[in-house]
Structures are given as structure tokens and as C-alpha cells.
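**Student:** Sequence first, predicted coordinates after that:
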Amino acid sequence: MCGICGYYQGEGEELLVTMCELMRHRGPDDQGIYTAPRIGLGMTRLAIVDVAGGHQPMSNEDGRVWVVFNGEIYNFRELRENLVARGHVFHSRADTEVIAHLYEDLGVACVQRLRGIFAFAVWDGETLFVARDRLGVKPLYYTWVRGRFYFASEIKALLACPGVVREVDEDALDDYMTFQYVAGPRTMFRRIFKLAPGYWLKVNGRGAWMDRYWTLPTPSPRAVSTAAAEERVRALVDEAVRLRTLADVPLGALLSGGLDSSLVVAFLQRTLEQPVKAFHIRFQGEEGEASYARGVAERLGCEYYELTARPADLRALPEVIWHLDEPIADAAAWATYLICKYAKQHVTVLLTGEGGDEVFGGYPRYYLSAAADWFHRMPAAFRRAALAVIAAWPAARGWRRRVEKIITSRDETWARNLEWLSIFDDDARRKVYAPDFQRRLAGGRAAALYQGYFRSYDAARNIQRLTAADVKTWLADNVLMKVDKASMAAGVEARVPLLDHVLVEYVFRLRTGPRFGGRWPKGLLKKVGQGVVPDFVLRRPKRAFEVPVAKWLREYERDWVCDVLLDPHALARGFFRRETLSALVQDYLVRGFGGRRVWNLFCLELWFREFIDGQPTARRARTGASHEISRINA
């Protein structure tokens, strides 16, 4: 894994050195730059494969093609053998070199042959070509300034480029208030963009072009039996995990105790000759899923490590926000950062279970939405009785209200799910936004974006469309973004076998019957797990990864909440009504209401302080031990 950066028509090696230094956490082992007229490429490397010989930037035999690469190509040995057979000469054992030779043969079509996670840039003497992996596991950002093109693995490196201004994209801010993250291709910064998953972009003296090389496949008309689907998915999961053991450094896994991570750890334990190092994070005073994680580790024979996070660890949040580049109000980002820092003491690579819910249909709202359609076809007496049952559930009041709301809603399926996902719904945003800010907004971008992804996916069933929309939004811009940034902040590479694109393509081509396993959350994956993971994992109900940050802020950091959200400078930003913001904070501190919304606003204000008010990137760039930078000048 690495941090990569570069420019076309930009300015010299001094800028590349600065950009690399700002991403040193992504690659503490090595740094290198390549410069030639019009072009500059930089990288900072976390050595995983060919530790001694994988220095970047890297070229083909004659030095015409240069590449910087962040990620892992799991089929690179097969590709290398084919390239050698066609006469290519290799000088390393690194997967990076495969990209240079493959581009030499196939040009932009090289991305179709790669199986792995990647963001890379290739220079062939005329054209700069950049690409991002199919699902968006690895990030890539870019911007244009007065005809100059800049790219980097992290936004903070782009902020060091001449002419880049720290301005808030107000429509992106509206996205964040809705989703708790910014949906691509926008970022929270005006004129800085994310290259979308499955896209490439090329730049040369004639202009710039962007194209999509991959998208989610649609369900096949060919029927596949449930038994055949189970057998094939079991084989693909096994293969995906085995491919991700490729490493010349210690390897382990994150283990939450849920189905997805337990399945990954189980297949990993079958592959490795020694016990898997499994890492779990629990929270002081909360048992959470620790008992399940311990049970799985014991049954599978893992070497189990458990970190207990404490309220004092909340003070790491500003550092997490800095690493994220954009505000992400998913509290799991903070927890992932803590567990990855802990795991780094033992391993450099971690396999994780991300993607299982989106690919295999694990979120209850998918099935609640289908229940809503059925609910409205029932007689009035039945509907009243059903609502009485829901009202009697021994569940948290806020969660129960949300279930009732989605069941009774007559909105379209996509709108019901957006309502469920929204931190601040339309009405709440109107109440909290300052009038001038409200007038400046284009309005409805978040809804239009989510609706567009839902409707553009060609499938007969709404549940198929919902999973596709989540893969394009929630998974790419929240789940995978936080995992990459939090793990790389700790100098750890995260690998996600359940998002192997061959596995994802097969599952999305299945009809609803075999794919969703009888309409029970992750029914197919549970059948795959039979005889592989302990039975108690298969029997346990779906449970969200609960991080008690809102509770801890209120109990232990009340003064910090007030100092951040009610600071005169924060109140004067012009985005929110002072009285509404003050009322939200007061309601939260006194009665405990609105914890998710206050956490959303708290993370946002910390981001403002880090990225808009000051120059924290320059301050942090001077920390840590530097190492020699290899320079290649054409």
C-alpha cells in the first residue's frame, strides 16, 4: 500500500516531496519521485510484497512507461507469467511492475485484467493515465488549477498544490448533513473531486477524457439453483481470502464477532499454517460483541487480541478527522483507527469483513421496505394491530419510531430508504440551516443522487436496486473510505475479500431467490458459513456495530461539546441557525436526545477547525522521522 501523487503541467520535485510528506503515514517505509518535462509522479510506500525490491516510481524495460501504484494486484503472478512469455523483462517481484508492462501492451484496457484493489497513475511520455479499482477500495482525488492537473491518494496533499483554495462546497455540505458523508464525485472542497470507482481518466496535450470501465452486473435471466449458488459462493469466498494472504509481512484479521468477519477469519484460518491473529475492539462498560468474538476465536483456534477503548480515547478524534480528509460522522471510523493502531504492533496487513451487508443483503431496512409494500395491501384492522405490536417492542424508542415510520410510509422504495439513512431529513435540515445558506443550495442533490443510482440499476426487484444504490454510495464513500483512511493512518493495509470483484459480479447476477436466501438477511452467506463458522454466529440476529461515542460525549466530554459547537466562531460560520444549533446541543446534554445529529455536527466543526480555519497539514508534516527520497529525473 502507498500514497501516490503527481501532476501534469505542474511544478517540479519540491512540490512532490511536500505532497509525499503529507501522506507519510500511508507509506513509512520508502519514498520516491519521478520528474520529466510536464510530468511529476510521487509515492510513499508501505512495503508488503517484494519489500526490498519494490521501489516506486517504477518503469518498463526501456523507461518509456512509468507508474506509481497504491493497492495490491492479487493475480499479478499469473499476469507476469503471460507478460514474460510475450517477451517482457522484469526487474522486481512487485505487482507494480506488472501494471507498467500491461499498460505497454493494452493501454487503458489494462484495468480490465487486474484483480485487486488499486489506484494508480501511468505516464507514457505523452499521456497521464489514472484509474481506480472497481468497488472503490482505494481512494483517488484530483483537481484542476489554471490548466494544471493534480492527483493524490489524500486531499491534504492536493491542498499543498499552488492555487488550490480551501473553500467549502456547500452542496457537498448538504450531502454530509443528509448522509453523514459526502457522496462522490464531489468532496467537501470546491473543485476537488473523487475519481469514481470503476473509472479511469487520462490527460494529455489534446485534452482530458474520463470513462467508466466497470459497473455492477444486472441479474441474469438464467436460473441458478440455491444449492449451486451456495457451492459457487463458498468457492469464491475461499479463493478471495486465499488470494489476500499474499504478503511478505505479518498478516491478521479484524474480528467483530458478526457473520462477515467470522467467515473471513474462518476461511483465513483454513488457509494459513499458523493461528490467525484476530483483533477485536470493545468499549469500556459495554460488552457489545466481545463475547461473540472471543467465542469465534476460541472455536477456530485463533490468536486473539482485544482492545478496550475508553472515554479518554475520544480525544483522538481530531487526529482521525485529519486523516479522513473529509468529515465522516460514522463513529466506526474512530474505532477502526484505534484498533488498527493497536494491531500495527503485531501485523501490517488486516483482512476485514466489509461489503457483506451490501452484497448479500444484510441491512434490515431492505426487508422493512418490502414489508412496507406488503403492509399497505393489508386490511385496516390488520395494519392497526401490526402497529400496536411494533409499539410494544422492547427496543430503543428512536429505533422503534424509525421502523414504524418506514413501514407506514407510502413513499417510493428509494425515498423510504433515504429517509432511514438520513441523519437530518428534509424537515430537520430546513430547521437548522440559516436562511441565506438554504437559499444558496441547489436543493435535492442527495435525493436525486440516491434516486438516480436506484432507478438506473436494471433489476426487477427493489431489494436488488437498493443493494446496488448502497454499493455506489454508502459503501464507496463511507464504509470503504473510512476503512482506508483509518487503517493507512496506522500504517496498516486493509484487505476486503467479500468485495473481490469476481465474487461481487457472481452474486449480483443471481436472482433474488438464491441471492437473498429466502428473504432473510444474508441467507445465502449464512448457508455458505454452515460448517465453516460456529453455529452460534449463524443463529444470532443481525446487530449493528454500536460505538457509544454519543453517550460518552454526553457523560464525559460535556464541556468539549459546548466548547466546539457553541463557540462564537462556530456559530458565526453562517451555515446554521444559532438558536436551532444551541437548542440541539441543549436537548442532547439535558435529555440525551439527538445524539447522532450532535455527533454529526461535532465532527463537522472539528473538520472546519482542521481544514478551513488553520493550516494543520503543514504542522503535522514536520512530525516524525524522515527517510531518504529516491529521485528519478528524465
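**Tutor:** The structure has been received and is ready for your questions.

**Student:** What are the buried residues along the longest helix along the chain?
**Tutor:** When the chain is parsed with DSSP state H, its longest helix is helix 226-243. Of the residues in helix 226-243, 226, 229-230, 232-234, 236-243 count as buried by neighbour count, 16 or more other CB atoms under 10 Å. Where you see a C-beta, it was placed from the backbone N, CA and C, and this is true even at glycine.

**Student:** just stretch 270-290 next, same as before
**Tutor:** Going by 16+ other CB under 10 Å, stretch 270-290 has these buried residues: 272, 276, 277, 278, 279, 280, 281, 282, 283, 288, 289, 290.

**Student:** surely the last one meets residue 257?
**Tutor:** Yes: the pair formed by residue 290 and residue 257 meets the contact definition of CB atoms under 8 Å, at 7.1 Å.

**Student:** and residue 224, that's in a helix?
**Tutor:** No: using DSSP: H, G, I helix; E, B strand; the rest coil, the secondary structure at residue 224 is coil, not a helix.

**Student:** Dihedrals phi and psi, it?
**Tutor:** phi -120, psi 130 (degrees, to the nearest 10).

**Student:** Just give me the residue right at the centre of the protein.
**Tutor:** Central residue of the chain (CA atoms, centre = their mean): residue 480, 1.2 Å from the mean position.

**Student:** thought it was touching residue 134?
**Tutor:** No: applying CB under 8 Å, one finds residue 480 not in contact with residue 134, separated by 11.5 Å.

**Student:** before we move on, back to that, what residues are shared contacts of residue 290 and residue 257?
**Tutor:** Here residue 290 and residue 257 share the contacting residues residue 280, scored by CB atoms under 8 Å, 6 or more residues apart in numbering.

**Student:** gap between the residue lying closest to residue 147 once chain neighbours are set aside and residue 128?
**Tutor:** Counting by CB to CB, 6 or more residues apart in numbering, residue 147 lies nearest to residue 9, which is 6.0 Å off, once chain neighbours are set aside. Distance, residue 9 to residue 128, using CB to CB, to the nearest Å: 10 Å.

**Student:** Compare those two (neighbour count), which wins?
**Tutor:** Remark: of residue 9 and residue 128, residue 128 carries more neighbours, 24 against 18, as counted by other CB atoms under 10 Å.

**Student:** Pretty sure the more buried one sits against residue 10.
**Tutor:** No: the criterion here is CB under 8 Å, and residue 128 misses it with residue 10 at 10.5 Å.

**Student:** What sits closest to residue 285 if chain neighbours are left out?
**Tutor:** Nearest non-adjacent residue to residue 285 (CB to CB, 6+ apart): residue 548, at 7.9 Å.

**Student:** ok, the one you found - contacts?
**Tutor:** For residue 548, the contact set (CB under 8 Å, 6+ apart) comprises 283, 285, 286.

**Student:** Return the backbone torsion pair for it.
**Tutor:** The phi/psi pair for residue 548 (degrees, to the nearest 10) reads phi -80, psi 40.

**Student:** How about residue 9?
**Tutor:** Dihedral angles for residue 9 - degrees, to the nearest 10 - are phi 60, psi 30.

**Student:** Contact partners for it?
**Tutor:** Per CB under 8 Å, 6+ apart, neighbours of residue 9: 38, 147, 148, 149.

**Student:** Please name the bridge partners of the last one.
**Tutor:** Same thing as residue 149. Beta bridges link residue 149 to residue 8, residue 144, judged by DSSP bridges.

**Student:** so what pLDDT did it get?
**Tutor:** On pLDDT, residue 149 comes in at 97.

**Student:** for the one 10 residues further on, same thing?
**Tutor:** Confidence per residue is given as pLDDT, and for residue 159 that number is 96.

**Student:** What of residue 484?
**Tutor:** Residue 484 is given a pLDDT of 97.

**Student:** ok, it touching residue 136?
**Tutor:** No: counting by CB under 8 Å, no contact exists between residue 484 and residue 136, whose distance comes to 9.2 Å.

**Student:** The residue nearest to the centre of the chain: helix or strand, and which one exactly?
**Tutor:** Assigned by DSSP states H and E, residue 480 belongs to helix 480-489.

**Student:** Check which helices and strands that helix sits against.
**Tutor:** When contacts are defined as 3 or more CB pairs under 8 Å, 6 or more residues apart in numbering; DSSP states H and E, helix 480-489 sits against helix 317-324, helix 332-343, strand 493-495.
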